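Visitor: Pasting the sequence and the predicted model now:
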Amino acid sequence: MSESTNGTNGTNGREDQSLAYAPVAGTEGAKRGTTKLKIFRGDAEGGEFVEYETDMIEGMVVLDAVLNIQAEQAPDLAVRWNCKAAHCGSCSAEVNGRPTLMCKQRVNEYEGEIRVQPMQAFPVIKDLVSDVSWNYEVSRSMTPFTTSQQAPFTMYEEDVERLYEPKSCIECFMCQDVCHVLRTHHKHPEFAGPRFFVRGQWLEMHPMDEANRLEYLKDGGGGIGYCNITKCCTEVCPVGIKITDNSIIPLKERVADEYYDPAKWLMRKIRGRKGSRNGSSNGG
Amino acid sequence: MSAIAAAWKRLPWWVEPMTVVFVLTAFGLYSFAVIVLYQGQYEQYISPFFSFTATMELPGWVPGFITAPMLLLWIPLGFRATCYYYRKAYYRAFFWDPPACQSKAQQREPRSPENYNGERALFVLNNVHRYFFYASIFVVAFLWYEAFYTVFTPDGFQIAVGSLFWFVNIILVSAYTFSCHSFRHLIGGNMDCYSCNRGGNIRRKIYSGVSRLNENGGHARWAWLSLFSLLLTDIYLRFIAAGVIQDYVLIPFGG
Amino acid sequence: METNGTRENYEVREHDVLIIGAGGAGLRAAISAAERGFSVGIVTKSLLGKAHTVMAEGGIATALGNVDPEDGWRTHFMDTMKSGKFINNWRMAEIHAKESPDRVYELEQWGALFNRTPEGKISQRPFGGHTYRRLAHIGDRTGLEMIRTLQEKVLATDAEVFMETTVTKLLKKDGRVVGALAYTRESGKFIHFKAKAVVMATGGWGKIFKVTSNSWEGTGDGVILSYDVGAELVDMEMMQFHPTGMVWPPGVRGLLVTEGVRGEGGLLRNAEGRRYMEDYDPEKMELSTRDVVARANYTEVQAGRGSEHGGVYLDITHLGYEGIMKKLPTMYHQFKNLADIDISEEPMEVFPTVHYTMGGVKVDPETCASTVPGLFAAGEVAGGLHGANRLGGNSLSDLLVFGKRAGDGAMAYIEESTHSVDIDEADLQAELRRVLEPLEKKEEGESPYLLQQELQEVMMEHANMMRNEDSLKEGLGKVLGLKDRMEKISVPGSRLFNPGWHTAQDVRYLITISEIIVRTALERRERRGAQWRLDYDGPDEDLGKINFIVTRDAQGEVGIERREIEPMPGHLADLFEEAKV
C-alpha cells in the first residue's frame, strides 16, 4: 500500500481555486429577537444582579448568552468554561436557584426570568466563578487505587460494568453544591460530599483494589453518616449518575457491614477477616 | 406520563413534601384505627394489616389498646421506617432536611449547622434496615399464603374479585421488599468480583435483577404502590364485610 | 514576597521542574518526576482535570494485539508513518509504537478502566487509518478516564498544582531556561517560578480558527513561549481538520463528533443519499485517514451536495438505541441535549472542524528536549511524531509515551547540571509591565475579543483545508494588520479574574502562530496530508524529504529553514520493503 490517498481524490486536477477561500458567513444562526439575563456581578465582598440583554440565537445555551455578553458588553465578566460540550464540567453555576451546567442548558427552556449566579456551597471569587479548590483537597485525602497485582489485569466485563457509571463523573461539583450538608450546614471539614462517594464507590468495588476506605468514609473525613439520602445530588447530575442509589447507599451498606451489624461483627470474630482480594467489601 | 411528570416538576417546591406528609399521616391514622377497632378476617379474606395474627387471641392481662396485629406490624412498620426511600421522603417532608433541592427551599431548612447530624446521631439506628428486611421475608411469606388462601379455601377453589386485590397487593409488596437497597447489597452489592468467587455468577444475576427492580426510582414506586394496595385491599375487605358492596365471584367453587 | 515601592510585587516559588500544562502529557511528566522525589510544580490555565485531553473520545492507539493478535509495534509504526506522509520523525514514531502498550498498562495499574474483551483483556476498536483494531477505550470517554486517572495519581504525590495560572514568559539565563513568570487568574497576582527545567505541555492552538473542536484554552501559549526563547518549531503548516464536527445549532458548531462513530460502523452520506467515500477512498471508505475524509466532506458540501445546515450526514442508526448507549453514550447525550436529535433514529449532520496541530516545538525523540537547554516539550505542543496527518488515537498514546520521556529527560538534565536559577530584577519588572499594559491604558483601544474573532475569521477564510498562494498571501496581509493593532489592546476592569485581560494575553499567541502557519503554508508548495495546495497537483518528491523549521530570527521575525529529514535506518526502512513484497 503506497500513498493511495493522492491522485485517487475524486476532485483531482484543476478544481475551483475559490475553494481556497472558505466561506465564513453562514455559520451564524437565525436571530430570534433578544433575551434578558440577570447575572451576579461582584466578589467575596458582595455584589448585585445586573440585567443584560443579548441577541437570542437559535439553539442558544446559557453559556452562549453569557459569553456574548462578555464579548460585547462586559469584558471583565468572570465565567469559567472549557469544552462547551458538557464533557469537562467547568461551567457549573446556579440558574434560578438550581445548579446547572451552563453549556447544556437551553435559554428557550426558561419562561420568565433567568438569574445566573455562582455556586453557593463554595466561596465566591468573582461574578460566576467560585473557589472549588476544597474539592481537590478532599480528593487528595482519599486513599487512591491500590493493588499488589501487576497490570495487565484479567478482568471481565461482568465484574466491572457497574463501575462505568461512577467513572463517568466529570467533576462539575454541582452535586457538592446542591448537597445541603455542604451548602446549608457547611460540614466541609468532616464531609467529603457526593462527588467523592461516587469515587469511593468505584474504588471500593474495583475487583483489583485492595485498600479499605470504610474507616475514612465513616469518620476520617468522609462523614457519610451526614448524608441523609435526600437525593438532590442525583437530581442535578449532568451525566445521569444515580449517585444516591448506586454510590452512597452501597457505601452506607458497606459501612453498616463493618460497624453497625452485630451478626457480621460476630462472624468476623469467629471466622476472621477474609483475606482474599476477591472477597466481599472488607477485602477492598 | 412524562407530561404529568413535567407538570409535577413545575409545581411550587412545597407541594411534594406536603403531599407526602398528608398521605403518610392519613395512612398512619387509618391503619391505627383499623387494627385497634376492627376484626382482621371476613370469610376467606384476611386483612393484610392483620395477616397471621388475625385469629390470634391475646391473654387477658394485656391492656385493651394492644391488639394482636401489633405483634406483627412492627416488622413492616420498621422496614418502611428504615427504608432508604422512605428515609428520603420523611427527612424531606417531615423534617425539612431539606424540603426540596432549590436554593430557596434549602434556605428554609430549620436546623442550624451545629444541630444537624444527619444519620450520625439518633438516625444512625436506620442502619438496622437489613434486619427488618430479614424479618419482612416472613411477612411476605404469610401474605402469599393468605393470597392463595383466598382461592384455595377449605371449601374448595374459587376466584373472586377480592382475590385479585390480594394477589395484586402481595405482588406489589414483594416487589417493594425485594427491591430493597439492603437486599441489593447483601445479595451482590457487597462483592467486588463475581467471577473470582464460587457462586458469584448466580449472585450477580440476582443482583442485576434486584438492581433492575430498584433503579430509576423503582423502589420508591413500589413503596407507594404497595402502600396504596395495602390500603385498598383492607378497604375492600371492610366494604364487603359491611355489605356496602358484594364480592363478585368470577370462577365459583369447584368451577 | 518581595516588595518595593515602585516595583510590582510578585511571589517566588522554587521547584526542580516546572510543568506548564496539566493535560495528559503534563500530568504524565509530573508523575515521572514526582515519583523520583523531585520537587514538581504544575501550572494550568484551568482547573485540574479540565484540560483538553478530557475531550478525547475514541481511544488510545496502542498495538496490544488483544483483539487482532497479528498486530504489533511494526504495523503501528508503519501506519503512523504512512498517515504522516513520511515527514514524521521516524524515531519518534518507533518509540511511540514500541512504548505505548506499557504506558496503557501503566494506566490500568493506576486504576484506569477500559472496556473488556470476553477473555478479560482490554478491548480495542477499529479507527481510521489503523490496519488493525487498536484503540483501547472506555465507551466514548477515554480521555476523561485518562485524565482522571493521571490527576488522581498526581494528587497522590507531593507535586504542587497551581490551578488557573497563566504563564506569560519563559525566563532564560546563560542560554538555559530557568523558570517562568506567571499570574494567577483568580487574583491577578504574579508568581516567579524558579526551576532548573521546564516541561512544556500546553497543547495545541485550534483557537486560531472560528470553527474548532478546541476549547478557549487552545491558544498555543507553549509554542510561542518556546519560540520566544529561541526554540525551533517544526511542521507548523500542518493543521488537522477532523472530518466530523457538529454543524447545528450554531452555538456548538465545530464540536467534535468522535471518530468512534465511524469506528463502530457509522456511514457518511451526502444529501443525495450516496455513500460518497466510494469516490475518495473505495478501499477504506469511512475509515480512511482524517485528511482524506475531511476533504471529502468539505468537497461534497462545496459541490452543493450538502445537508440543510451545510454539512453531510453521518448515520449510526443501525446500532440501535441499546448499541449506541453501550458504545457511544456521550454522543447520544450530546446530540440529544444540544441539537434535539436522537441519533438512534436519525443521522447526524457533520462538517470538518479544526482539531489538532501536528506541528510544534521540535524535540529530541529520546528526551523530548527542545533545542533550548532546560526546555522540554511533550504532547500536542511538540511536533514530529504525526508528520503531515495524525492518526486517530495516536494523540493519547503520544501524551503518555512522550509525557513520560519528557519527565525522565528533564530529571536526567537536572541531575547533571548545577546552574543558577536567578533572574535579573529588571528583566522581571519589564515583563510585568508588558503584561499589565492592556489594563493600564487609559484611552479606549482594541477589544481583545473582537481582535480574536477577526483573526479566527481570517484564518477560516484563507488558511482553511484547501489553500492557494493568492488566498494565503491575502490572509498574511490581514494577519499582519491585526498584529499592528494588537499593540493597542486595552481592557477595562481590575486584575481580579478578568477574562478580558486574559484574552489580551492569548491574542498575542494566536496572532503570532497564525503568521507562522500562513508563512509555512506558503512555503510547502504541494499536497501532502493536511497541507493541500490547490495550486499544486500532488505531492512533491523533494518536499517529501524536508521539514520546515521555524525560529525567531535576529530581527525578531519569523525565520523559515528547509531541513532534510534524516533517512530511515535499515531496520525501519526494511519494514516498508517487506510490506511491498
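Guide: That came through fine.
Visitor: Three-state assignment for the closest residue to C:Glu425 other than its chain neighbours, please.
Guide: Among residues not flanking C:Glu425 along the chain, C:Arg7 sits closest, at 7.6 Å (CB to CB, 6 or more residues apart in numbering or on different chains). The way it works is simple: take the backbone N, C-alpha and C, and place the C-beta from them, glycine included. State at C:Arg7, reduced to three classes by DSSP: H, G, I helix; E, B strand; the rest coil: coil.
Visitor: C:Arg7: neighbouring residues, count only.
Guide: Neighbourhood size, C:Arg7 [other CB atoms under 10 Å in any protein chain shown]: 14.
Visitor: Kindly report the same for C:Ser490.
Guide: Neighbour tally, C:Ser490, other CB under 10 Å: 20.
Visitor: and if you look at B:Ala26?
Guide: Quick note: B:Ala26 (other CB under 10 Å) scores 11 neighbours.
Visitor: Just the element for it, please.
Guide: Applying DSSP states H and E as the criterion places B:Ala26 in helix B:15-37.
Visitor: what mean pLDDT does that helix have?
Guide: Averaged across helix B:15-37, the pLDDT comes to 92.
Visitor: and the next helix-or-strand element following it, which strands flank it?
Guide: Next helix or strand after helix B:15-37 toward the C-terminus (DSSP H and E): strand B:41-42. Using DSSP bridges, strand B:41-42 pairs in its sheet with strand B:45-46 (antiparallel).
Visitor: Same question for the helix holding B:Ala26: list its buried residues.
Guide: Of all the residues in helix B:15-37, those buried under the rule 16 or more other CB atoms under 10 Å in any protein chain shown are B:16-17, B:20, B:23-24, B:31, B:34-35.
Visitor: In the stretch 101-250 of chain A, mark out all the strands, start to finish.
Guide: Secondary structure of the stretch 101-250 of chain A (DSSP state E, counting those that start in this stretch): strands located at A:115-117, A:124-126, A:129-130.
Visitor: Quick check: which of these is nearest to chain B?
Guide: Chain B lies closest to strand A:115-117 among these, at 8.8 Å (CB to the nearest CB).
Visitor: Can you spell out which helices and strands pack onto the closest one?
Guide: Counting contacts by 3 or more CB pairs under 8 Å, 6 or more residues apart in numbering or on different chains; DSSP states H and E, strand A:115-117 packs against strand A:31-43, strand A:92-95.
Visitor: In its sheet, which strands sit next to it, and in what direction?
Guide: In the sheet, strand A:115-117 lines up against strand A:31-43 (parallel), strand A:92-95 (antiparallel) (DSSP bridges).
Visitor: mind listing what's buried in the longest one?
Guide: For strand A:31-43, the neighbour count (16+ other CB under 10 Å) marks A:35, A:37-41, A:43 as buried.
Visitor: I'd like the next helix or strand past that strand.
Guide: strand A:46-57.
Visitor: Report the rounded mean pLDDT for that following strand.
Guide: 94.
Visitor: worst average pLDDT in the strands paired with strand A:115-117?
Guide: Lowest mean pLDDT within the strands paired with strand A:115-117: strand A:31-43, a mean of 92.
Visitor: on that earlier part again, reformat the strands paired with strand A:115-117 into TSV and put distance to C:Leu575 next to each item.
Guide: Formatted as TSV, the strands paired with strand A:115-117 follow (distance: least, CB to CB, whole Å):
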stretch	distance to C:Leu575
strand A:31-43	57
strand A:92-95	49
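Visitor: if we compare those strands, which one ends up closest to C:Arg433?
Guide: strand A:31-43 (25.4 Å; CB to CB).
Visitor: got the angle for the closest one vs strand A:46-57?
Guide: Put simply, strand A:31-43 runs at 160 degrees to strand A:46-57, going by axes from the mean of the first three to the mean of the last three CA atoms, to 10 degrees.
Visitor: hmm, who's touching strand A:31-43?
Guide: A:47-58, A:60, A:62, A:65-66, A:69, A:74, A:77, A:107, A:113-118, A:124-128, C:496 (CB atoms under 8 Å, 6 or more residues apart in numbering or on different chains).
Visitor: List buried residues within those residues.
Guide: Neighbour-count burial (16+ other CB under 10 Å) is assigned, among the contacts of strand A:31-43, to A:47, A:50, A:52, A:54-57, A:60, A:62, A:65-66, A:69, A:74, A:77, A:107, A:114, A:116-118, A:124-128, C:496.
Visitor: Enumerate every residue touching the nearest residue to C:Leu534 once chain neighbours are set aside.
Guide: Once flanking residues are discounted, C:Leu534 sits nearest to C:Asn468: 4.6 Å by CB to CB, 6+ apart. C:Asn468 makes contact with A:17, A:20, C:533-535 under the criterion CB under 8 Å, 6+ apart.
Visitor: Check C:Leu155 too.
Guide: C:Leu155 touches A:136, A:139-140, A:144, C:48, C:161, counting by CB under 8 Å, 6+ apart.
Visitor: again, 10 Å this time
Guide: Counting by CB atoms under 10 Å, 6 or more residues apart in numbering or on different chains, C:Leu155 makes contact with A:136-142, A:144, C:27, C:48-49, C:161.
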